[in-house]
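> coords please:
(one chain, ligands or ions: 1)
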Amino acid sequence: MSENKKQEMSEEEYLKRHLNDLETGKKQAEAAAMNSDIPFVAPTVESSRTTDLQFFNMDVRELPCGEFYPTGTLFMVRPAQVREIQAYSMVDDNNFYDIIEKMNDMMQACVRIKYPDGKMGSYLEIKDQDRLFLIFLIRELTFQQGNSLVVNTKCTCGQDLGIELTRTNFVSHDIDDKLERYFNHSTKCYNFKTVNGKFFELTPPNIGLQKAFTDYIVKENNEKRTPNLSFLKIIPFMMPGRSSITYDGIKAKVKEFEDMDDISFQFLNSAVSKMTFGIKELKKNCECGEEVRTDMQFPTGASGIFVIHDAFEAYIKE
Ligand SMILES: [Zn+2]
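Residues are numbered from 1 along each chain as shown. Okay, the predicted model is just below:
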């Protein structure tokens, strides 16, 4: 555990150093806020570049997959603008791929990554399992005046309870204890040696890879071929450092995968099964003191994240 503390210290140092690099002293206020949380402050009017001003800094350690980004990585997130909400509003709630794509589009518009060496990253480098958390963060920034999404549940004491879909009420999947000791803190990957003399390096895939594999699945389906589902579950975790792969690249990986020995396959299948991250549940304390939990869900469908459910009633002038 003291190891963890050390890690946090160095991350804070990174952030401070990063801040010193930022232009001038006018950023001091942001600096103070940055080590804590997102500054919900009114933007200043010193610059005409309004798009810059709308971004809020976020500590990667808040993300479910935070520990898989280079230490000192900074996320910048801004509220969704009307045109982005308009595009998102056309999401097909019954089409899983469309939901993912619309969410990706939203992140492309609203999220920036800055690495500790100063390089800017693309939204494609965001971990796939951080998508939902970031979408709800964008939502919180967009609807600061309320418009909360609520999941209704009941406490064991009989009290009805509404749990808002906000970051404070999210419970992430725990990282499996058995994995922890194989985590390489410099490469942000798990390193495994197996009894059959193999070495594997695994890390959660990012959105770039997810998109490439989705394109592959769509193409296979269109051409009446059944994709190897076990391959699609495992292989994206075995491509650290990559945020793209071509169709032919995937075909070659399928071949390798199908020729794999039995122990390797069984091991990888089991290892990847332990790598479920992201938002698992919602929690809130009841008046009786009991903590109430319920499954993560979208009460008004995926579209309802940015489309106000009863806007007609809410906004009509009587
Ligand atoms: Zn209760």
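
> So residue 89 is in contact with residue 309, correct?
No. Taking contacts as Cβ atoms under 8 Å, residue 89 lies outside contact range of residue 309: 11.9 Å. For every residue, glycine as well, the C-beta is placed using N, CA and C.

> Give me the pLDDT for the spatially most central residue of the chain.
With distances taken as Cα atoms, centre = their mean, the chain has residue 130 as the residue nearest its mean C-alpha position (1.1 Å). The pLDDT attached to residue 130 in the predicted structure is 96.

> Check the one 10 residues further on too.
Residue-level confidence at residue 140 comes out at 92, pLDDT.

> What's the local residue count around the nearest residue to it once chain neighbours are set aside?
In this structure, residue 140 finds its nearest non-sequential neighbour in residue 166, 6.1 Å apart by Cβ to Cβ, 6 or more residues apart in numbering. Applying other Cβ atoms under 10 Å, we find 16 other residues in the vicinity of residue 166.

> my guess is residue 166 contacts residue 136, does it?
Yes. In this structure, residue 166 sits in contact with residue 136. The criterion is Cβ under 8 Å, and the distance is 7.1 Å.

> Next, residue 130: secondary structure please.
Classification of residue 130 by DSSP: H, G, I helix; E, B strand; the rest coil places it in helix.

> ugh, wrong one, residue 112
Bear in mind the rule, three-state DSSP; under it residue 112 is strand.

> and the residue nearest to it when sequence neighbours are not counted, what are its bridge partners?
Among residues not flanking residue 112 along the chain, residue 76 sits closest, at 4.2 Å (Cβ to Cβ, 6+ apart). Note on residue 76: beta-bridge partners by DSSP bridges are residue 57, residue 112.

> Wait, residue 76 touches residue 120, no?
No. If you go by Cβ under 8 Å, residue 76 and residue 120 don't touch, sitting 9.4 Å apart.

> wait, what's in contact with the nearest residue to residue 62 once chain neighbours are set aside?
In space, not counting the residues next to it along the chain, residue 62 is nearest to residue 167; the distance is 7.4 Å by Cβ to Cβ, 6+ apart. Contact criterion Cβ atoms under 8 Å, 6 or more residues apart in numbering gives 62, 133, 136-137, 140 as the residues in contact with residue 167.

> check contacts around the residue nearest to the centre of the chain.
Neighbouring residues of residue 130 by Cβ under 8 Å, 6+ apart: 63-66, 277-278.

> Just the pLDDT for the residue nearest to residue 140.
With respect to pLDDT, residue 166 has a value of 91.

> Next, count neighbours for the one residue in the stretch 1-150 of the chain that gets nearest to the ion.
For the stretch 1-150 of the chain, the residue positioned closest to the ion under Cβ to the ion is residue 150, at a distance of 16.7 Å. Counted with other Cβ under 10 Å, residues neighbouring residue 150 total 14.

> swap in residue 86?
Applying the criterion other Cβ under 10 Å, we find 12 residues in the vicinity of residue 86.

> just to confirm, which helix or strand has it in it?
helix 82-88 (DSSP states H and E).

> just so I have it, where are all the strands in the stretch 101-250 of the chain?
Listed in chain order, the strands found in the stretch 101-250 of the chain under DSSP state E, counting those that start in this stretch are 111-114, 120-121, 150-154, 160-164, 170-172, 183-184, 189-193, 199-202.

> Please report the distance of residue 286 from the ion.
Residue 286 sits 3 Å away from the ion, going by Cβ to the ion, to the nearest Å.

> What does the nearest residue in space to that residue that is not next to it in sequence show for phi and psi?
Counting by Cβ to Cβ, 6+ apart, residue 155 is the residue found nearest to residue 286 once chain neighbours are left out, at 3.9 Å. Backbone torsions for residue 155, taken as degrees, to the nearest 10, come to phi -80, psi 160.

> Pull the contacting residues for residue 155.
161, 286, 288, 290, 292.

> Could you identify the buried members of those?
Of all the contacts of residue 155 considered here, the ones buried according to neighbour count by 16 or more other Cβ atoms under 10 Å are 161, 286, 292.

> Show me what from the stretch 51-200 of the chain comes close to the ion.
Along the stretch 51-200 of the chain, the residues adjacent to the ion under the rule Cβ under 5 Å from the ion are 155, 157, 159.
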